[in-house]
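[1] Build me a model:
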Amino acid sequence: MIAKEPRPVVNSDNDSFIALRASFDHDGYEDWIANLGVDDETALDPMSDLPTYCPRTSARLWREMSEYLSTDTETSQWLSGLLASTSRSFIRDGIADEQVLVRNKAGWISEDGYYSTCDAGLIDIDGRTYVMSVMTSMPWSDRSSEVTAAIAKALFDTRAALA
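    Residues are numbered from 1 along each chain as shown. Here you go, the predicted structure:
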C-alpha cells in the first residue's frame, strides 16, 4: 500500500525525514549504500539522524534514483510525481523552462552551527536525463536561494558542452 501523506518529500521537513529513517532498518540502508559503491561517509552515524555527504555522492544516489524512477511500478511512478511537485526547487527556479521536467529534493538549514542551502535531482529534457547536485555552505536565506538557483542555471546551460 502506498502512503498517502507526501509531506517529507514534497515539503522539506527534517522532523518527518527523521521519523521515516527511524521507521526503516539502518542496516538495510547501509547495505544499500555499500552495494552502490558509495564511500562510508554516506552511511548514517547511529547517533545522527541526517546523513552528510558531498555533491559527487549526491549525484551517485540520484543516478540510482533515476534507475528506480524509470521502472513502471505504481510506487516508482507515485514517487516520481512527488519529486516533480516539490514545494521548493532551486533547480526548477533556475531553469524556469516549461519544456523541462525537474524531479528534485531541496534542503537547507541555518541552526546550531549547521549552514547549508542545497538541491539535487533529475532534469529531463529532449529525451535525456541529467543528474544535478548543488551544495553550498550558505545559511538558508532569500539570497542563498537565488545563488543556488543561479548555480543550477549555469550548470544546466553547460549541458550541450558536456554531452
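[2] The closest residue to D124 other than its chain neighbours - how many residues pack around it?
    Distances taken as Cβ to Cβ, 6 or more residues apart in numbering put L101 closest to D124, at 4.1 Å, once the chain neighbours are dropped. Every C-beta, even on glycine, is put in place using the N, C-alpha and C of the backbone. A count of nearby residues for L101, using other Cβ atoms under 10 Å, gives 16.
[3] what's the spacing between L101 and W140?
    For L101, the distance to W140 equals 25 Å [Cβ to Cβ, to the nearest Å].
[4] What of S87?
    14 Å.
[5] And D112, by the same measure?
    For D112, the distance to W140 - Cβ to Cβ - is 13 Å.
[6] before we move on, the earlier item: show me which of S87 and W140 is the more surrounded one.
    Neighbours were counted for S87 and for W140 using other Cβ under 10 Å; W140 has more, 20 against 10.
[7] Just give the nearest non-adjacent residue to that one, would you?
    In this structure, W140 finds its nearest non-sequential neighbour in W108, 3.5 Å apart by Cβ to Cβ, 6+ apart.
[8] can you confirm the one you found is in a strand?
    Yes. The assignment for W108 by DSSP: H, G, I helix; E, B strand; the rest coil puts it in a strand.
[9] Provide the partner residues of it in its beta bridges.
    Note on W108: beta-bridge partners by DSSP bridges are T117.
[10] Is it in contact with S12, as I believe?
    Yes. Under the criterion of Cβ atoms under 8 Å, W108 makes contact with S12 at 7.0 Å.
[11] how many neighbours does the nearest residue to K153 once chain neighbours are set aside have?
    Of all residues not flanking K153 in the chain, G94 sits nearest, at 3.8 Å (Cβ to Cβ, 6+ apart). G94 has 25 neighbouring residues, counting by other Cβ under 10 Å.
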